[in-house]
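Participant: compute the structure for the input listed below.
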Amino acid sequence: MAGKPIMSELRNSEAGRDGCSNKAARSTFIFLFFLPIFIPLAGHPQCLDYRPPFQPAFHLEFCTEYEKFGCCDQEKDNLVAAKYWTMMEAFDLQGYELCGGYIKDILCQECSPYAAHLYDAEDPRTPLRNLPGLCFNYCSEFHYKCRSVITLLTDDRQIQESCEKGRTHFCNLLNLPDQDYCFPNVLKNTDLNHKLGSVVEDTKGCLKLCLTEIANGLRNPVLMIHANDNTHRMFVAEQLGFVWVYLPDGSRLEEPFLDLNTTVLTSPWIGDERGFLGMAFHPKFRKNEKLYIYYSIMEKKKVEMIRISELRLSSSDVNKADPYSERKILEIIEPASNHNGGQLLFGLDGYLYIFTGDGGKAGDPFGKFGNAQNKSTLLGKVLRIDVNGKGTDGKPYGIPPTNPFISTPAARPEIYAYGVRNMWRCAVDRGDPVTGRGKGRIFCGDVGQNRFEEIDLIVKGGNYGWRAKEGFECFDLKLCHNSSLDDILPIYAYGHNVGKSVTGGHVYRGCQSPNLNGLYIFGDFMNGRLMALQEEERTKKWKKQDICMGDTKICNFPGLINNYHRFIISFAEDEAGEVYFLATSYPSAFASRGSIYKLVDPARRAPPGKCKHKLIPVKVRSKRIPFVPEARTVTEILATLVKAPKPQSLQRPQPRKKAPLKKTASSKQGKKISSAWADSIKPAPTDIKRLSRKLVRSRKKASANDSQNTRAKRP
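Facilitator: Numbering: from 1, shown residues only. As a prediction, this is how the structure comes out:
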């Protein structure tokens, strides 16, 4: 066993005789990749690549204590194991039994969910460690038994020299200022390990998430959809009638996919609900190159209408629709300028679903029962049509044979469900990626009148209650107590003390944030509140939780922000199932204040490689415009604070002097930095109360009969 640190040499180490510099153990091993200096992070799980930990897809054979949640996949675990067994070649059996466990512990800390803390990777003011932070008692045991093998673990001269100086010097060097994070205390700390890997919640149960900004400078972005063609392009529509193509690299094409600006009816009014409102790609778009659009128009006789049309892709550019190919599918007269609906989507059955508003004004005042309860009108309905067929009466669409009211006298055969007020944003659940549970469900947010906003699950033939009911309660007492109402209640409703205009969202079925799977994420347009619903499997009841932005501690990962524009216009999902929302700081169709944000769970990510997908490349003829972020990331903000002088408000008070001090250049600079910091943590305050009042006034202009509680709804 020549050349191995045999038991006698390790005993010499225990006796304190030159153990750290033993020539038999002089090998140089560096087990960490070089990591750049980074900005300070706070106490939260983080890997050495500055990303959240994950649950490995496969069993870990070596660092098994981290196979449920940590920073190593099977490949990295195998690399750590290979390093370990290479080192063990220098040991005899007794040396292996004495020190093998310590060395394994130390090497496996790269796999710890708190690896960034253990190696001081989060703090640029301290050098990156070659060895993890060890608690003093554990370090003392290691030094007493195994200090002769320190040169196998690192070639860092400072660590080697401190080892030779003695246990106290060595262990003080390897210790961490925060004893909660040193090994092995980090494994025993109940606060750090309680619900480790789950979405972080505050004391009130609010889910703490972060965001990535992916687009900005948009004029009331009303929708973002994909074509489900494996190109992973995103199509973003502005209320004015422009549709833009965003490529997977984040760039936008300079020329629009569609320009209906001169045709679409809208105005600069804050809160005007008319405009380009909906779009959906045919399920077989890759073959037939068809898409469908929903927008407001004004006829020559000054009659306002909504129009649903079919378009085809341009024959010369796959990133453009052909405006001359428009085929009108359906037009519906709008008696008022509000409540125009706007959602188009294809169900799993291949049929096109159209969501219309009740016609506007306030309280659905049209006729004896209102439009929504009247099956002879298409207003206030969920319609279902077959765009692949033609009607027997010459209509440019067919009627699905299973539509519920085909045989009902005087009822329009297009109606799939009724009793809706103004459903704003609906989505089809693509189902659990493993079990398929929930696949095909259609969720909608229905904007309320005076008291309640609601979330509905759409079913065939369903009556959603309006105007008899609003939320769970009566709105029109006579209609509400009618025994034939037989309405379907919302899965969730909230009062106007919570929010005043619901924006329907999506069920998260993506890959990158596995904790969010199954959450229906939605929001409120008026106050910017984000919320989530989750169904309890046993009771089938829906539990609501608020979504809050994580603070600078939680969102301190590369590229993440923790603030957004207040007015949430719409939600979206990309081809991979990741969820986004579209918001603006000034809800006018002519104001370039809109941005798009991607929701990110900072507590847990998917295993490396799991979320990769193959892209079908597309030929690009238009100029690409690179994405330039508008919002500062949390890491950028904190980096500025590290470099900046301490703001005056945070400095220790100086003794009072008789004469007032003049302001110096440095004090002005400090004050300026403090202000910039505050503005970057929260959006720069637009006069929100004034803007909200303006929104309400604009809705009153559009709805003369809505004299008390009307507010600007959409978009």
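Participant: run a quick neighbour tally on residue 82.
Facilitator: Counted by other CB atoms under 10 Å, the residues lying close to residue 82 total 11. Just so you know, the C-beta spots here come from the backbone N, C-alpha and C atoms, and that holds for glycine as well.
Participant: ok, it - contacts?
Facilitator: Applying CB atoms under 8 Å, 6 or more residues apart in numbering to residue 82 gives no contacts.
Participant: report the secondary structure state of it.
Facilitator: helix (DSSP: H, G, I helix; E, B strand; the rest coil).
Participant: pLDDT below threshold where in the stretch 301-450 of the chain?
Facilitator: By pLDDT under 70, the stretch 301-450 of the chain contains no weakly predicted segment.
Participant: all strands of it, in order?
Facilitator: In the stretch 301-450 of the chain, the segments counted as strands under DSSP state E, counting those that start in this stretch are 304-313, 321-333, 343-346, 352-355, 381-385, 415-418, 423-428, 442-446.
Participant: can you put the ones you listed in a markdown table and add mean neighbour count and distance to residue 635?
Facilitator: As requested, the strands of the stretch 301-450 of the chain are exported to a markdown table (neighbours: other CB atoms under 10 Å; distance: least, CB to CB, whole Å):
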| stretch | mean neighbour count | distance to residue 635 |
| --- | --- | --- |
| strand 304-313 | 19 | 41 |
| strand 321-333 | 15 | 39 |
| strand 343-346 | 22 | 37 |
| strand 352-355 | 26 | 41 |
| strand 381-385 | 25 | 45 |
| strand 415-418 | 26 | 47 |
| strand 423-428 | 26 | 32 |
| strand 442-446 | 25 | 34 |
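Participant: what is the host helix or strand of residue 95 packed up against?
Facilitator: Using DSSP states H and E, residue 95 maps to helix 93-107. Applying 3 or more CB pairs under 8 Å, 6 or more residues apart in numbering; DSSP states H and E, one finds that helix 93-107 contacts helix 7-15, helix 74-88, helix 136-146, helix 150-153.
Participant: highest average neighbour count across the ones you listed?
Facilitator: When these are scored by mean count of other CB atoms under 10 Å, the highest mean neighbour count falls to helix 150-153 (a mean of 24).
Participant: against which helices or strands is that helix packed?
Facilitator: Looks like helix 150-153 contacts helix 93-107, helix 157-165 (3+ CB pairs under 8 Å, 6+ apart).
Participant: got the helices and strands packed on helix 93-107 as JSON lines, with mean pLDDT and distance to residue 418 columns?
Facilitator: Listed next are these as JSON lines, based on pLDDT from 0 to 100; distance: least, CB to CB, whole Å:
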{"stretch": "helix 7-15", "mean pLDDT": "47", "distance to residue 418": "82"}
{"stretch": "helix 74-88", "mean pLDDT": "96", "distance to residue 418": "54"}
{"stretch": "helix 136-146", "mean pLDDT": "96", "distance to residue 418": "69"}
{"stretch": "helix 150-153", "mean pLDDT": "94", "distance to residue 418": "72"}
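Participant: of all these, which lies closest to residue 582?
Facilitator: Residue 582 lies closest to helix 74-88 among those, at 37.4 Å (CB to CB).
Participant: any weak-confidence spans in the stretch 501-650 of the chain?
Facilitator: Looking at the stretch 501-650 of the chain by pLDDT under 70, you get 642-650.
Participant: which stretches of it form strands?
Facilitator: Going by DSSP E, counting those that start in this stretch, the stretch 501-650 of the chain shows strands at 502-507, 520-524, 530-535, 542-549, 567-573, 579-584, 594-600, 624-625.
Participant: phi, psi for residue 243 please.
Facilitator: phi -120, psi 130 (degrees, to the nearest 10).
Participant: I'd say it and residue 257 touch.
Facilitator: Yes: using CB atoms under 8 Å, residue 243 is in contact with residue 257, at 4.4 Å.
Participant: picking up where we left off before, of the strands of the stretch 501-650 of the chain, flag the one that's most buried.
Facilitator: strand 502-507 (a mean of 28).
Participant: what strands line up against it, and which way round?
Facilitator: Using DSSP bridges, strand 502-507 pairs in its sheet with strand 520-524 (antiparallel).
Participant: find the nearest non-adjacent residue to the residue positioned nearest the centre of the chain, please.
Facilitator: For the chain, the residue lying nearest the average C-alpha position, counting by CA atoms, centre = their mean, turns out to be residue 599 (0.9 Å). Leaving aside its chain neighbours, residue 599 sits nearest to residue 579 (5.1 Å; criterion: CB to CB, 6 or more residues apart in numbering).
Participant: tell me the spacing between that neighbour and residue 560.
Facilitator: 15 Å (CB to CB, to the nearest Å).
Participant: ok, now residue 522?
Facilitator: 22 Å.
Participant: could you measure from residue 640 over to residue 533?
Facilitator: In terms of CB to CB, residue 640 sits 38 Å off from residue 533.
Participant: I misspoke; the intended subject was residue 239.
Facilitator: Taken as CB to CB, the span from residue 239 to residue 533 is 27 Å.
Participant: for the helices and strands packed on helix 93-107, which one sits closest to residue 352?
Facilitator: Per CB to CB, nearest to residue 352 of those: helix 74-88, 44.9 Å.
Participant: between helix 93-107 and that closest one, find me the angle.
Facilitator: 150 degrees (axes from the mean of the first three to the mean of the last three CA atoms, to 10 degrees).
Participant: dump the residue contacts of residue 322.
Facilitator: By CB under 8 Å, 6+ apart, the neighbours of residue 322 are 311-315.
Participant: got the domain boundaries for this structure?
Facilitator: 7-193, 207-625 (automatic domain parsing).
Participant: state the distance from residue 236 to residue 394.
Facilitator: 36 Å.
Participant: who's more crowded, those two?
Facilitator: Using other CB under 10 Å as the criterion, residue 236 and residue 394 rank with residue 236 on top: 26 against 6.
Participant: pLDDT below threshold where in the stretch 51-200 of the chain?
Facilitator: 123-128.
Participant: for residue 299, what are its contacts?
Facilitator: Contacts of residue 299 (CB under 8 Å, 6+ apart): residue 305.
Participant: residue 293 sits in which helix or strand?
Facilitator: Going by DSSP H and E, residue 293 is part of strand 290-298.
Participant: strands paired with that strand, and their directions?
Facilitator: According to DSSP bridges, strand 290-298 has these partners: strand 276-281 (antiparallel), strand 304-313 (antiparallel).
Participant: Throw the ones you listed into CSV and include distance to residue 73, thanks.
Facilitator: Output for these, formatted as CSV (distance: least, CB to CB, whole Å):
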stretch, distance to residue 73
strand 276-281, 35
strand 304-313, 40
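Participant: do you know which of those lies nearest residue 145?
Facilitator: Among the strands paired with strand 290-298, if distance is taken as CB to CB, the winner is strand 276-281, at 66.1 Å.
Participant: and the following helix or strand past the closest one, which residues are buried?
Facilitator: Using DSSP H and E, the next helix or strand after strand 276-281 towards the C-terminus is helix 285-288. Within helix 285-288, the residues that count as buried by 16 or more other CB atoms under 10 Å are residue 285.
Participant: so that it lines up with my notes, have the first residue be 601 from now on.
Facilitator: All set: I'll call the first residue 601, so the last point we hit is now helix 885-888.
Participant: who's in contact with helix 885-888?
Facilitator: Contacts of helix 885-888 (CB under 8 Å, 6+ apart): 827-830, 882, 891.
Participant: and for stretch 1000-1009?
Facilitator: So stretch 1000-1009 is contacted by 949, 951, 975, 984-986, 999, 1011-1016, 1060-1061 (CB under 8 Å, 6+ apart).
Participant: okay, the strands of the stretch 901-1050 of the chain in CSV with distance to residue 765 next?
Facilitator: Formatted as CSV, the strands of the stretch 901-1050 of the chain follow (distance: least, CB to CB, whole Å):
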stretch, distance to residue 765
strand 904-913, 73
strand 921-933, 74
strand 943-946, 70
strand 952-955, 74
strand 981-985, 77
strand 1015-1018, 78
strand 1023-1028, 64
strand 1042-1046, 65
